[in-house]
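**Q** Sequence first, then the predicted structure, then my questions.
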Amino acid sequence: MREKRPLKRRVNLLVKEGVTVVDWKDVTLLRKFISDRGKIRSRRVTGLTPQQQRQVATAIKNAREMALLPYPSQGR
């Protein structure tokens, strides 16, 4: 039988860096929320609140439109 380990809470990166409003022009911050394949990381991975996750997702999508961030690549 498996032993249950205590859950490790994810550190909220936005709170840690003191960000209140996510801006699509802040590419260095947004890169921390996308995977190496270009996909947006989930809340379980990032530790963000639902409102922050929506802000980050919208900012990433806007940055993709402006060609600052890559779209997800085909996995082959």
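**A** Nice, I can see it. Residues are numbered from 1 along each chain as shown.

**Q** Just want the most central residue of this protein.
**A** What sits nearest the mean C-alpha location of the chain, by C-alpha atoms, centre = their mean, is Phe33, with 2.4 Å.

**Q** Now stretch 59-75: buried residues?
**A** Applying a neighbour-count criterion of 16 or more other C-beta atoms under 10 Å, one finds Ala59, Ile60, Ala63, Arg64, Leu69 buried in stretch 59-75. No exception for glycine: its C-beta is placed from N, CA and C like everyone else's.

**Q** show me what contacts the second one?
**A** When contacts are counted by C-beta atoms under 8 Å, 6 or more residues apart in numbering, Ile60 is found next to Trp24, Leu30, Phe33, Ile34, Ile40, Leu69.

**Q** and what of the fourth one?
**A** For Arg64, the contacting residues are Pro70, Tyr71, taking C-beta under 8 Å, 6+ apart as the criterion.

**Q** How about the backbone phi and psi for it?
**A** Backbone torsions for Arg64, taken as degrees, to the nearest 10, come to phi -70, psi -40.

**Q** Distance check, it against Arg2.
**A** 40 Å (C-beta to C-beta, to the nearest Å).

**Q** From the buried residues of stretch 59-75, which land in helices?
**A** If you go by DSSP state H, the buried residues of stretch 59-75 have Ala59, Ile60, Ala63, Arg64 in helices.

**Q** Can you name the helix or strand that Arg54 falls in?
**A** helix 50-65 (DSSP states H and E).

**Q** hang on, the earlier thing: now the residue nearest to the centre of the chain: how far from Arg2?
**A** 31 Å.

**Q** Equivalent analysis for Arg10, please.
**A** Computed as C-beta to C-beta, the Arg10 to Arg2 distance reads 21 Å.

**Q** Which of the contacts of Ile60 sits closest to Thr49?
**A** Using C-beta to C-beta, Phe33 comes nearest to Thr49 of the contacts of Ile60, at 13.4 Å.
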